[in-house]
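Student: Please work out how this folds:
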Amino acid sequence: MHIQANFPLIDLNTFRMKAKARYVVEVDKQSDIRVLRSDPKLASLPWTIMGDGSNILFTHDIEGVVVRCRYSKLKIVKEDDEGVWLSVGAGMNWHALVEYTVDQGWWGLENLAYIPGTVGAAPVQNIGAYGAEARDTITRVQALNIFDGERIEFRNNDCAFGYRTSIFKQEYQNRLLLHRVTFRLRKCHAGQANLVYDPLKVAVQALDKSDLSPRDIFDAVVAIRKKRLPDPNYMGNAGSFFKNPVITSDYFDSLQNEYTTAIPHHRTLDGQIKIPAAWLIERSGANQLTEGRAAVSDKHALVLVNLGGATGLDVLKLAHKVQDQVMYQFGIHLEPEVNIL
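Tutor: Numbers count the residues shown, from 1 in each chain. Below you'll find the model as predicted:
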């Protein structure tokens, strides 16, 4: 356990916003929470749970306690002829985990390569990319109640996974600190590549291989993400700022009748239509908007960037501008994917 006061958060958020937390505490085990709660000063303050800050926009200082899980051990808890069940500490770096599983020749996480953040953030956000989501492989989530340290375990069906959301982001936000996540992964001979995302399919077709490996998919995903998305190490951002909106089939048909070119879309299982938010932003002209030192990325319209020296309020005002312009043009509300604090 580690406690720091008046801690600058600029290195703990990929937007690189200048903010401070009154206290930052790093938790490794269940008993740490009970010790922290026994301190009257810490117990009286609001607690905010964070990972590596890759999906957060700070608009002000945090006048409370920022709690981070640093437990990062991993172990195989079960294995059979076809797969392994891997239990991973929530504090482990997500991309490092994905690369580890690829090195073992296991299928399951390779499409989610090069996503910044921690393992604990994966089920909270139900991270997804290139036709895969975290919920596809998660079997269990172990969490700690931040009020009394009680350990609680969730099976996959208990997590209320949805599009970029879960029970941990909704009912249990800032109430449960995720401690361990268990994934079921398939061994090389028992799995296959997930190529439902067309650009990924095209990328691996260029390899001209009939026996694709998890490493092949991993490398292709990393290459695509590096090409399409700005690197937060050089330009502050939190990846996709908005969710892709879902509208009714009837409203989609009315929109399509207004445009001579086809609107890119995906039909969901319940018959609704998901439209790429980036397309809406570009077609409305909102990709040209700026606010102070905040702008829409010229690499990907779904990404808002800190050009250097932007404040959280700059980014938030820019987000509102983008929402307003898309609403005016298409009558569709863009919902932020990023957590705004």
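
Student: C-alpha only now, for contacts and for neighbours.
Tutor: OK.

Student: residues in contact with stretch 251-263?
Tutor: 273, 275, 330 (Cα atoms under 8 Å, 6 or more residues apart in numbering).

Student: Against residue 195, how distant is the second one?
Tutor: Summarising the geometry, the distance separating residue 275 from residue 195, computed by Cα to Cα, to the nearest Å, is 20 Å.

Student: List buried members of the contacts of stretch 251-263 by neighbour count.
Tutor: Neighbour counting by 16 or more other Cα atoms under 10 Å classes 273, 275 among the contacts of stretch 251-263 as buried.

Student: Make TSV out of the contacts of stretch 251-263 and add pLDDT and secondary structure.
Tutor: Conversion of the contacts of stretch 251-263 to TSV gives the following (pLDDT from 0 to 100; DSSP: H, G, I helix; E, B strand; the rest coil):
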residue	pLDDT	secondary structure
273	89	strand
275	91	coil
330	93	helix
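
Student: so which of the contacts of stretch 251-263 comes closest to residue 164?
Tutor: Taking Cα to Cα as the measure, residue 164 lies nearest residue 275 of those, at 15.2 Å.

Student: Tell me if I'm right that the closest one and residue 243 touch.
Tutor: No. Using Cα atoms under 8 Å, residue 275 makes no contact with residue 243, being 9.7 Å away.

Student: The protein - how does it break down into domains?
Tutor: Using automatic domain parsing, the domain parsing of the chain gives 2-69, 74-226, 236-340.

Student: For the second one, what is the distance to the chain centroid?
Tutor: Which is domain 74-226. Offset of domain 74-226 from its chain centre (Cα atoms, centre = their mean, to the nearest Å): 11 Å.

Student: mean confidence score for that domain?
Tutor: The predicted model assigns domain 74-226 a mean pLDDT of 93.

Student: Which residue, other than its chain neighbours, is closest to residue 24?
Tutor: Once flanking residues are discounted, residue 24 sits nearest to residue 66: 4.7 Å by Cα to Cα, 6 or more residues apart in numbering.

Student: oh sorry, the question was meant for residue 317
Tutor: Nearest residue to residue 317, sequence neighbours excluded (Cα to Cα, 6+ apart): residue 291, at 6.8 Å.

Student: and that neighbour, what is it in contact with?
Tutor: Residues near residue 291 by Cα under 8 Å, 6+ apart: 314, 315, 317, 318.

Student: Spell out the residue ranges of the helices in the chain.
Tutor: 30-37, 40-43, 94-103, 121-125, 198-205, 214-228, 249-258, 277-284, 312-330 (DSSP state H).
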